[in-house]
Each structure stands twice: as structure tokens, then as C-alpha cells.
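Colleague: model the following, please.
(one chain, ligands or ions: 1)
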Amino acid sequence: MPTVVSTYTGDETVVFAISASQYCHKVLNALDHLKLPHKVVLVKLTGLKTDLEPPHTVPQIRWKGTLYTDSGEFVEKLGEDYPPVYPKEHAATIKDIDTFTGRYNAYPLYFGLWVDEGLVLSYLPHIVSELGLGYLPNFLTSNILKLALSGARKEKRQVARKMLNNGVISESNGYDKKEIAALEETLIADTRKLDAYFQSDYQQWVVAGTSEPTAADFQMRGILEKMIGTNGDSGVIGCTPWLWEKAKAPRLQQWFDRMVSQLPLVYHGKFKDYQAKTIGS
Ligand SMILES: N[C@@H](CCC(=O)N[C@@H](CS)C(=O)NCC(=O)O)C(=O)O
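Modeller: Numbers count the residues shown, from 1 in each chain. Now for the predicted structure:
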């Protein structure tokens, strides 16, 4: 069976995306920052296996006739044409930040899927709208979906446990408020570590010494959208809206607000909105 992705064969840049994915945010940020024209094709959560090519994850990107199935590899490739998004002299720092934020990614899994408040605030409305169940009363969809998702929630909680590997999430799957409070503490500590990438109030971008956003800004912004943002026009609210208040990370917050206002995340109705930027212009 041909996939949706395989039906695109031309040279235009196409991003196959789910609008609440941090890695999709990262790719759109990079393309938007460079003002590179692109089309966004939205994939349904239920269409990952049928619409996408292996490994059936989003984003998948057609760029200059080649398909990329990893956001990191794609942004690094973009850097060959537009060096400031992946400056070679900062490649090691960008990779370090990638590793740290990749681990930090366990928090949206835990707080957005495992913790009831986060699930109800963040992912459930998205799933309800994808399934076209918006006409049902909230309590009904909420209870049915919580039940339907119980296997996936346990699975993601265990994925988060392995990613963080900090001894806080237990191997058993009991719903434990003490565990949630303890993980809140490590989330706050790790968010302060993100804040520490900003060495002064004047550092504009995540990697010190850069004069415009790089792959590290795009990656970090994508993940924070899941915690405290709005995920652009996707309508998915971040799962820990209290994060800034508790973490007290003013430089990170200031940078995040700047990224949001300078590079709005637009998924819907986005086609060839931009003129391609020519190198050196
Ligand atoms: N390393 C990949 C990770 C992509 C990824 O894990 N995407 C998630 C969404 S944020 C996904 O598609 N998950 C679906 C699944 O694993 O079934 C990248 O950076 O592109």
C-alpha cells in the first residue's frame, strides 16, 4: 500500500506533521526562521502506521527531493545550506543540548499523559477533537478515554522512567501523588538547568555566542511548548501551566516568550506563504 508520504514526489518542501509534536515544532521553527516555503500535511494520530514511512514517527520531511525521517538529521542537513542554524563551531554544544532536552522530553510524557490534571488539560481535548467526539459531554469522553488510554499511559510512564533514570518513577504502575510531587521537584531542577544555558540577561539565544537561533533553540522551544506553551495553532495547551511560577527561570521564560512572538507555530492552512531566503541576503 502506498503511504500518503510516498504520493509526494516533487521538489517542494513538505512537512508531514502532527500539530502537537515537539519535533514537528522544531522543524517548522527552522523553516520559518529561514523563511523557506513549505507545505504542512497533517497526519492523524491514528494514521502513523499507514500514512508515514518507517519508522512511522513525525515529522517526516521532503526536502530537495529526499525524505528525512528524523528532525535532528534534517535540521543538521539544513545547516549545510544555512550554516547559522547549525554552526559547526557550536556543534558539540548543540549535541549536548539535544541530549539534555531529549531526556527532558520524559516530562511531557509523564505530566501530559500519566498525571490526571495534565492529561485532561492537554492531550484529552486534542484526542477528542481528532476522534470527532466533541459533541459528547466532557465527563463522558474524559472517563471513556482515560479508560481507553490506560495501557498507553502506563507504557509512556515506563518510557519516562527509563528516559529520566533518576529513581523517582517506580516500576509499578500505581497512581501515587508522592511520586508526582517528587517528579515535580526534578522537573523544576531540570528546568533551572535549561535556564542556566543563558549566562547573562543579554544572551539572546540558547547557545552562547550565536547571533540568531540555532537547532538548539528550535529543539528546546519545541519541548517547552508541550509543558507551558499553546503548541501554536494546534489548540493543545501545555501540561504544566504552573511551570514558570514554580521553576523561577526568568531568562528561559524571557527567551521562550521571544521565540513564541518571533516564530509563531502555524500548522493549519499553511502553504507557500514565504519567499525563499537567498543565502547572504
Ligand atoms: N528522533 C525523532 C523522534 C520523532 C518522534 O518520536 N516523534 C513522535 C511524536 S513527538 C512520534 O511520532 N511518536 C509516535 C510513535 O512513536 O508511535 C525525530 O527527532 O524526528
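
Colleague: residue 106 reaches residue 157, doesn't it?
Modeller: No: with contacts counted by C-beta atoms under 8 Å, residue 106 stays clear of residue 157, the gap being 9.5 Å. From N, CA and C alone the C-beta is placed, and that goes for glycine too.

Colleague: out of the two, which sits in the busier spot?
Modeller: Shown here are residue 106 and residue 157; by other C-beta atoms under 10 Å, residue 106 has more neighbours (24 against 21).

Colleague: quick one: low-confidence parts of this protein?
Modeller: 270-281 (pLDDT under 70).

Colleague: how does it look with 80?
Modeller: 1, 126, 129-134, 136-140, 269-281 (pLDDT under 80).

Colleague: top helix in it by residue count?
Modeller: Using DSSP state H to define each element, the chain has its longest helix at helix 177-195.

Colleague: beyond that helix, next helix or strand please.
Modeller: helix 215-228 (DSSP states H and E).

Colleague: alpha carbons only: can I get that following helix in CSV?
Modeller: Presented in CSV, the C-alpha positions along helix 215-228 are these (Å, rounded to 0.1, in the frame of the first residue of the first chain):
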residue,chain,number,x,y,z
ALA,A,215,19.0,24.0,16.1
ALA,A,216,19.2,24.1,19.9
ASP,A,217,16.7,26.9,20.2
PHE,A,218,14.3,25.1,17.9
GLN,A,219,14.6,21.9,19.9
MET,A,220,14.2,23.5,23.3
ARG,A,221,11.4,25.7,22.3
GLY,A,222,9.5,22.6,20.8
ILE,A,223,9.7,20.7,24.1
LEU,A,224,8.7,23.7,26.3
GLU,A,225,5.6,24.2,24.1
LYS,A,226,4.4,20.9,25.4
MET,A,227,5.0,22.0,29.0
ILE,A,228,3.9,25.6,29.1
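
Colleague: do that helix and the ligand meet?
Modeller: No: using C-beta under 6 Å from any ligand atom, we find that helix 215-228 stays clear of the ligand, coming within 8.5 Å at best.

Colleague: what count of nearby residues applies to residue 130?
Modeller: Residue 130 - counted by other C-beta under 10 Å - has 16 other residues nearby.
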